[in-house]
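[1] Sequence plus the predicted model coming up.
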Amino acid sequence: MTIITLMIYVAIAAAILTGLTVFVLKAQKSILMTYVQHFCGSLFIFSGYVKAVDPLGTAFKMEQYFAEFYYTFNETALSFIAPMFPWMSEHGLLISVAMIVFEIALGVMLIVGARPKLTAWLFFLLVVFFTILTGFTYLTGYVPQGVNFFEFSQWGPYVETNMRVTDCGCFGDFIKLKPKVSFFKDVFLLFPSIYFVLAHRNMHRLFTSRIRMAIVGLVSLLFLIFCVRNYAWDEPIFDFRPFKAGTDVRAQKLAEEEAMANVKITHYRMTNKKTGQVVTLPYEQYLKEFKDYPKEEWEFEQIKTEPEIEPSKISDFDISDLDGNNVTEDILNDPGYSFMVVAYKIYQSGDPRNENVIVKDTIMVADTIQVDGVDSVVWKVGDIIERTVEKEVYSFDPDYVKRYTEIVNPVLEKAEAAGYKVFAVTAPNPPALIDDFRHETQSAYPFYVADDLLLKTIQRSNPGLVLWHDGKIVAKWHFKKLPSFEEIQSQYLK
């Protein structure tokens, strides 16, 4: 679905609601105001709903914003603002759920006409907030890497790869909007928001005041429970991400890579660093004249054809072992069933501590033996020496450890005993931390590493379990909804 299609559906829904309000309930004061109330209310309810399906995804997106805001403000005279962003990032999930429920409640308030003046101002302030977020995302395309957002004199031409956050997350993973589209969508919403503030007395009001507030309160409570269900109790009820069950990751990754390989450079756009002059040349002409545009004086941007297949996070599916060896192909080309534990973060309990541990060094000695009259050197164990070294020792959150020892590992032990491949993938961590965690949880299977954003896209549960077969995702489970191995075997391992 595109944003245009969505807006058409919202407009139709608003027209139907307006008809009911005008001809059935006869509650309108202004047909235009009633229609705009229903349009904006329906849009906010839908936008909040698709985010409520996956509140962790919204939290991860907000963490990206908070990180960028921190670095942006920390380098300016407004650096006193910067410390609040790490705190907000730490509480990103709470903020995410609160924002989602608030957005839905505001949409309901618009439709039923609850507290018109308050609703008008809340809608205006929320739209301004969204406009700032999407505007920041879009405008960073004009900010070269290494340049602070507030250094306006150093802004250059728009380059999509300059953007610090590449997707606003306005509709979760249901619709991916380019930042420019998101920004102009919010600029468009500023007009009805101002209209509400100036003419809130013309808003319709359905039912009685108590019924209106009861509807708003009940809807808010139900969506609060719905949000919690979609991360704390189970995986999202709908999976809009590229790694949903049934996806042939191997085939899709290959198709996306081939599509990107077929992208061609059609033009070069050069911008003079001093004068701002922009010159665009066809690729063939640029190859002949590039010496006339020295890099010291000009900035370069490639203009390329669009790939036949839009790349997704599947293109970034890349997994390595702890020694840095790539194991991606081994995973995707395994013809059998395999179990992958996804742990985008290993929760520690406090900082690592230094402890003295005893290690054993084996001293080998050379010995000469004669075989068929020829002297050969063989190595034998001469002695084993113990020595004390200082080592960082990690401790882990006890509740997080129990997710493995009491829920995940009993299933995986039976899977391994039945001959199936088992492994875990976590974010890049010191090998010592991963090794200590394996010992703490008695996890006999190997641990690999991958980008944490990739792992968060694959699965929201931490830990979660993914069942693979021949490069395809067969099923995914939240650790709280993990069936027994016998159930998995009877339903999926065929």
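    Ah, there it is.
[2] so who does Ala343 touch?
    For Ala343, the contact set (C-beta atoms under 8 Å, 6 or more residues apart in numbering) comprises 424-427, 455, 462-463. C-beta coordinates here come from the backbone N, C-alpha and C atoms, glycine included.
[3] In ChimeraX, how would I select just the buried ones from these?
    To isolate the buried ones among these in ChimeraX, judged by 16 or more other C-beta atoms under 10 Å, type:
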select :424,425,426,427,455,462,463
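[4] So which of the contacts of Ala343 belong to strands?
    424-426 (DSSP state E).
[5] List just the nearest of those residues to Glu289.
    Nearest to Glu289 out of these is Val425 (C-beta to C-beta; 48.2 Å).
[6] just checking, what packs against the helix with the most length in the chain?
    Secondary structure of the chain read by DSSP state H shows that its longest helix is helix 116-139. Secondary-structure packing of helix 116-139 (3 or more C-beta pairs under 8 Å, 6 or more residues apart in numbering; DSSP states H and E): helix 55-74, helix 92-112, helix 179-198.
[7] Pipe these into TSV and attach distance to Leu125 per row.
    What follows is the helices and strands packed on helix 116-139, written out as TSV (distance: least, C-beta to C-beta, whole Å):
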stretch	distance to Leu125
helix 55-74	17
helix 92-112	10
helix 179-198	9
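[8] Deepest-packed of those helices, please.
    Greatest average neighbour count among those goes to helix 92-112 (a mean of 22), per mean count of other C-beta atoms under 10 Å.
[9] Report the mean confidence score over that helix.
    Averaging pLDDT along helix 92-112 yields 96.
[10] and it with helix 55-74, angle?
    110 degrees (axes from the mean of the first three to the mean of the last three C-alpha atoms, to 10 degrees).
[11] CA atoms of helix 92-112 as PDB?
    This file holds the C-alpha atoms of helix 92-112, laid out as PDB (Å, rounded to 0.1, in the frame of the first residue of the first chain):
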ATOM      1  CA  GLY A  92      12.200   4.500  24.900                       C
ATOM      2  CA  LEU A  93       9.600   1.600  25.200                       C
ATOM      3  CA  LEU A  94       7.600   3.500  27.800                       C
ATOM      4  CA  ILE A  95       7.600   6.600  25.700                       C
ATOM      5  CA  SER A  96       6.700   4.600  22.600                       C
ATOM      6  CA  VAL A  97       3.700   3.000  24.300                       C
ATOM      7  CA  ALA A  98       2.500   6.300  25.800                       C
ATOM      8  CA  MET A  99       2.800   8.100  22.500                       C
ATOM      9  CA  ILE A 100       0.900   5.300  20.600                       C
ATOM     10  CA  VAL A 101      -1.900   5.300  23.100                       C
ATOM     11  CA  PHE A 102      -2.000   9.100  23.200                       C
ATOM     12  CA  GLU A 103      -2.200   9.200  19.300                       C
ATOM     13  CA  ILE A 104      -5.100   6.700  19.200                       C
ATOM     14  CA  ALA A 105      -6.900   8.400  22.100                       C
ATOM     15  CA  LEU A 106      -6.600  11.800  20.300                       C
ATOM     16  CA  GLY A 107      -8.000  10.300  17.100                       C
ATOM     17  CA  VAL A 108     -11.000   9.000  19.100                       C
ATOM     18  CA  MET A 109     -11.400  12.400  20.800                       C
ATOM     19  CA  LEU A 110     -11.600  14.000  17.400                       C
ATOM     20  CA  ILE A 111     -14.200  11.600  16.000                       C
ATOM     21  CA  VAL A 112     -16.500  11.800  19.100                       C
END
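[12] and it with helix 116-139, angle?
    With the same axes, to 10 degrees as the basis, helix 92-112 and helix 116-139 are set at 130 degrees to each other.
[13] on contacts alone, who are the packing partners of helix 92-112?
    Helix 92-112 packs on helix 31-52, helix 55-74, helix 116-139, helix 209-228, going by 3+ C-beta pairs under 8 Å, 6+ apart.
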